[in-house]
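Asks: After the sequence you'll find the predicted model.
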Amino acid sequence: MPLPVIDVWANPVLPQTQEGVPEVRRLFEQSHVDSSLLSQRRTPDELVALMDAAGVSQICLSAWYRPGQAVFSNEDVAQFTRAYPDRFIGIASVNLLDPVGYVKEIAKYVTVEGFKGVRVVPWLWNLPPTDRHYWPLYVKCIELDIPFLTQVGHTGPLCPSEVGRPVPYIDEVALKFPSLSIICGHIGYPWTQEMIGVAWKHPNVYIDTSAYLPKYYPPELIQFANTTGRKKVMFGTNFPQLSWAKCLESISRDIKLRDDVRGDFLGGNAARVLKLDIAALRKGKL
């Protein structure tokens, strides 16, 4: 039985998106997405219906925090994971400027609510992943045995892109914290080769393909996934920027993944790094 499809980067669609992350509206416009999606709340039932229609087993739903504001709070995400614990994977986020507070909050949402990782989007803070504000977060992730998820590459929104460089930032974090699993979203473009090099170099670094329609995946990324990076590359969408149906259709039509690689890319790698029950997923029990 094939492995499930797991989207490692998806976002709740709640009314506060438009006010909390106004920069994303331009990204949606650049991506030719219906911007009204940002103001239309999607309930857990509605998201599951969209997932079922596309053949998606599980999605990682991430909280979003920026200075002075929780755009989607960890509690917002928990409302989805409680409704469908077998379909939604909670990914916490933090107020990066409050390390003492955020380590306590992470522990709560991982140990009590079953969240599986923590994501910080560096451009929201204009702080690279090597900044000292992240260090307690990395230590806590190691203690809880969960991955750190982040964004790499330029920013679609009109914000500085430097903080998204794989080299030196992800490279240095991986050197300093070799037992920390790091999942880097958005491919790393235009520094994709840097990102591939860092993932190849470090056993604890992975790449997810969110925010890019599969037909636009760089050829070097597909080559990496088909060879030495088979266990390193994961499927992501950045929903609602990209739909699950459109992405999966494009994977079938537009890119050439080896048959023995496809299952790892679509769900196997994510299940392993997020420590999901792969046997139960195969049986449709998670």
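Replies: Right, received. Where do you want to start?
Asks: And the helix or strand harbouring residue 272, what does it pack against?
Replies: The secondary structure element spanning residue 272 is helix 269-273 (assigned by DSSP states H and E). When contacts are defined as 3 or more Cβ pairs under 8 Å, 6 or more residues apart in numbering; DSSP states H and E, helix 269-273 sits against strand 6-10, strand 205-208, strand 233-234, helix 278-282. All C-beta atoms are positioned from the backbone trio N, CA, C, and that covers glycine.
Asks: ok, of those, where does mean pLDDT dip lowest?
Replies: Averaged per stretch, pLDDT over the helices and strands packed on helix 269-273 is lowest on helix 278-282, reaching a mean of 63.
Asks: any weak-confidence spans in the stretch 51-200 of the chain?
Replies: Using pLDDT under 70 as the threshold, the predicted model of the stretch 51-200 of the chain has no low-confidence range.
Asks: Just the strands from it, written as ranges.
Replies: Secondary structure of the stretch 51-200 of the chain, counting by DSSP state E, counting those that start in this stretch: strands at 58-62, 64-66, 69-72, 88-92, 117-120, 148-151, 182-185.
Asks: between the ones you listed, which one is nearest to residue 215?
Replies: Using Cβ to Cβ as the criterion, the shortest distance between residue 215 and these is 18.5 Å, found for strand 182-185.
Asks: Now the longest helix anywhere in the chain: buried residues?
Replies: Counting by DSSP state H, the longest helix found in the chain is helix 99-111. Judged by neighbour count using 16 or more other Cβ atoms under 10 Å, the buried positions of helix 99-111 are 99, 102, 103, 105, 106, 109, 110.
Asks: tell me what that helix is packed against?
Replies: helix 74-83, strand 88-92, helix 135-144.
Asks: Relative to residue 222, which of those is closest?
Replies: For those, the distance to residue 222 is smallest for strand 88-92, at 25.3 Å, taking Cβ to Cβ.
Asks: Only the buried residues of that closest one, if you could.
Replies: Going by neighbour count (16+ other Cβ under 10 Å), the buried part of strand 88-92 is 88, 89, 90, 91, 92.
Asks: what does stretch 180-199 give?
Replies: 180-189, 191-199.
Asks: Among the residues you listed, name the ones in helices.
Replies: Among the buried residues of stretch 180-199, the members falling in helices (DSSP H) are 192, 193, 194, 195, 196, 197, 198, 199.
Asks: now, which of the residues you listed sits nearest residue 255?
Replies: Closest approach between those and residue 255, by Cβ to Cβ: residue 192, at 14.7 Å.
Asks: The nearest residue to the closest one once chain neighbours are set aside and residue 188, how far apart?
Replies: Spatially, and ignoring its direct neighbours in sequence, residue 192 is nearest to residue 218 (4.8 Å; Cβ to Cβ, 6 or more residues apart in numbering). For residue 218, the distance to residue 188 under the criterion Cβ to Cβ, to the nearest Å works out to 9 Å.
Asks: Kindly report the same for residue 234.
Replies: The separation that residue 234 has from residue 188, given Cβ to Cβ, amounts to 13 Å.
Asks: list the residues that contact both of the two?
Replies: The contact sets of residue 234 and residue 188 overlap at residue 207 (Cβ atoms under 8 Å, 6 or more residues apart in numbering).
Asks: Backbone dihedrals for the closest residue to residue 172 other than its chain neighbours, both of them.
Replies: Across the structure, with Cβ to Cβ, 6+ apart as the measure, the residue nearest residue 172 apart from its sequence neighbours is residue 130 (5.1 Å). Main-chain dihedrals, residue 130, degrees, to the nearest 10: phi -90, psi -10.
Asks: was I right about residue 130 contacting residue 173?
Replies: Yes - under the contact definition of Cβ atoms under 8 Å, residue 130 touches residue 173, with a separation of 6.1 Å.
Asks: And those two? Which one has more around it.
Replies: Remark: of residue 130 and residue 173, residue 173 carries more neighbours, 24 against 16, as counted by other Cβ atoms under 10 Å.
Asks: JSON lines for the strands of the stretch 51-200 of the chain, including distance to residue 162?
Replies: Listed next are the strands of the stretch 51-200 of the chain as JSON lines, based on distance: least, Cβ to Cβ, whole Å:
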{"stretch": "strand 58-62", "distance to residue 162": "22"}
{"stretch": "strand 64-66", "distance to residue 162": "17"}
{"stretch": "strand 69-72", "distance to residue 162": "22"}
{"stretch": "strand 88-92", "distance to residue 162": "24"}
{"stretch": "strand 117-120", "distance to residue 162": "16"}
{"stretch": "strand 148-151", "distance to residue 162": "13"}
{"stretch": "strand 182-185", "distance to residue 162": "15"}
